[in-house]
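Participant: sequence and predicted structure below; questions after.
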Amino acid sequence: MMHRKLYLGPLTDNRRWEMVKLRADDVIVVTPPKSGTTWMQTIVALLFSGDPEVETELAVKMPWVDIRFREMAEVAARLEEMTHRRCLKSHTPMDGLPLEDQAQYICVFRHPLDAHFSYRRHLRNIPMSFFSMWYPEEDPDGVTFRRFLDGGPEGFDGDAMPLAHILRHYQAARAVADRPNVALFHYADMTRDLAGTFARVAALLGVSHSGDVMAQLIETARFENMKAHAARFAPGGGTGFMKSDTAFFHSGSSGQWHGALTDAELAAYDAMMDSHLEPKDRAWLEYGSTGRAAG
């Protein structure tokens with residue numbers, strides 16, 4: 001087995017993957033948090049089933065392997081017992097995952113600032129206090145954004161999702177993107193062309209459905225429908241884990257950080273992005289295939 005980086009934090013532990021026996025037809029959705037994970041898993045679930053009414057139950061049927069909230073022996077046993085085609089979720093960068101030749105890896109990215117502000121809201125909606133030092137309720141001094149810029153990609157910092165962790169995700173995915181079983185998607189492209197996203201994912205999975213069925217599946221996966229039926233589509237929806245299932249789908253739009261950062265904060269962000277990425281890579285990571293903001 002090739003050497004894998006260790007990603008070990010208060011929330012996640014990528015060593016848990018050592019207990020998973022991957023299958024040739026497995027699909028692993030790999031993303032930084034709040035970058036379109038649930039959306040992509042829902043697309044996969046709909047394409048697997050061909051049923052717009054399927055109960056996705058992502059937390060159980062498509063488990064987040066890295067998370068330490070469940071005993072890994074139980075998760076591994078549940079995965080082993082599955083007789084249907086499996087989809088697994090990971091917030092570990094590709095250089096920390098087992099990379100099998102046959103399993104399909106779908107990596108999804110979002111503008112780092114959109115992901116960051118979405119994560120801010122998400123942490124207010126879940127019962128986890130260990131990130132309060134990074135994400136204080138009141139933050140007149142801009143601690144949260146400073147931590148976003150100065151945090152490291154691994155350990156405790158990694159679980160708090162600083163920019164360095166997002167960049168590590170992107171660079172690790174790009175490093176293996178020439179493999180036929182690794183595909184990169186962008187949230188902005190999914191928003192602009194959901195039908196095209198469905199067609200591309202279906203081709204990767206080797207599944208096909210009639211035009212009428214595909215149209216129904218696409219409508220089911222539209223953001224407005226998922227938000228309107230949040231208890232069905234949110235991870236752990238209907239269980240009371242989150243304060244509000246609907247708040248999980250706060251907004252499907254991009255650019256909500258405009259006006260929320262100072263000029264100095266934006267300049268520091270720009271400097272870090274430019275120091276780590278070539279212009280074309282930065283353009284893609286922020287805006288997807290168009291390489292520019294919509295509008």
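Facilitator: In hand now; what should we look at?

Participant: what ranges does the stretch 51-200 of the chain have for its strands?
Facilitator: Using DSSP state E, counting those that start in this stretch, the strands found in the stretch 51-200 of the chain span residues 87-90, 104-109, 182-186.

Participant: just checking, what packs against the longest one?
Facilitator: Right, strand 104-109. With contacts taken as 3 or more CB pairs under 8 Å, 6 or more residues apart in numbering; DSSP states H and E, strand 104-109 sits against strand 27-30, helix 37-49, helix 163-175, strand 182-186, helix 187-192, helix 194-205. From N, CA and C alone the C-beta is placed, and that goes for glycine too.

Participant: any idea which of these is most buried?
Facilitator: strand 27-30 (a mean of 26; mean count of other CB atoms under 10 Å).

Participant: and that strand, what does it pack onto?
Facilitator: Against strand 27-30 (3+ CB pairs under 8 Å, 6+ apart) you get helix 37-49, strand 87-90, strand 104-109.

Participant: circling back: next, format the helices and strands packed on strand 104-109 as a markdown table and append distance to Phe223 and mean pLDDT.
Facilitator: Output for the helices and strands packed on strand 104-109, formatted as a markdown table (distance: least, CB to CB, whole Å; pLDDT from 0 to 100):
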| stretch | distance to Phe223 | mean pLDDT |
| --- | --- | --- |
| strand 27-30 | 17 | 98 |
| helix 37-49 | 8 | 95 |
| helix 163-175 | 21 | 98 |
| strand 182-186 | 15 | 98 |
| helix 187-192 | 8 | 96 |
| helix 194-205 | 9 | 98 |
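
Participant: following the helix-or-strand element of the chain with minimal mean pLDDT, which helix or strand comes up?
Facilitator: Ranking every helix and strand in the chain by mean pLDDT, DSSP states H and E puts helix 245-248 at the bottom, with a mean of 54. Per DSSP states H and E, the first helix or strand lying C-terminal to helix 245-248 is helix 263-276.

Participant: pLDDT of that next one, averaged?
Facilitator: Average pLDDT, helix 263-276: 97.

Participant: any buried residues in it, and which?
Facilitator: Buried residues in helix 263-276, counted by 16 or more other CB atoms under 10 Å: 265, 268-269, 272-273, 276.

Participant: check stretch 205-216 too.
Facilitator: 205, 209, 214, 216.

Participant: with stretch 18-35 instead?
Facilitator: Neighbour counts over stretch 18-35 (16+ other CB under 10 Å) mark 20, 22, 26-35 as buried.

Participant: which one among these gets closest to Cys87?
Facilitator: Nearest to Cys87 among the buried residues of stretch 18-35: Val27, at 4.5 Å, using CB to CB.

Participant: let me see the contact set for the closest one.
Facilitator: Residues in contact with Val27 (CB atoms under 8 Å, 6 or more residues apart in numbering) are 44, 85-88, 103-104, 106, 205.

Participant: let's see it at 6 Å
Facilitator: 44, 87, 104 (CB atoms under 6 Å, 6 or more residues apart in numbering).

Participant: quick one on the thing from earlier: which two of the buried residues of stretch 18-35 have the greatest separation?
Facilitator: Largest pairwise distance in the buried residues of stretch 18-35, by CB to CB, is 25.7 Å, between Leu22 and Lys34.

Participant: now distance to Gln171 too, for the buried residues of helix 263-276, in CSV please.
Facilitator: As requested, the buried residues of helix 263-276 are exported to CSV (distance: CB to CB, whole Å):
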residue, distance to Gln171
Glu265, 23
Ala268, 20
Tyr269, 17
Met272, 13
Met273, 12
His276, 8
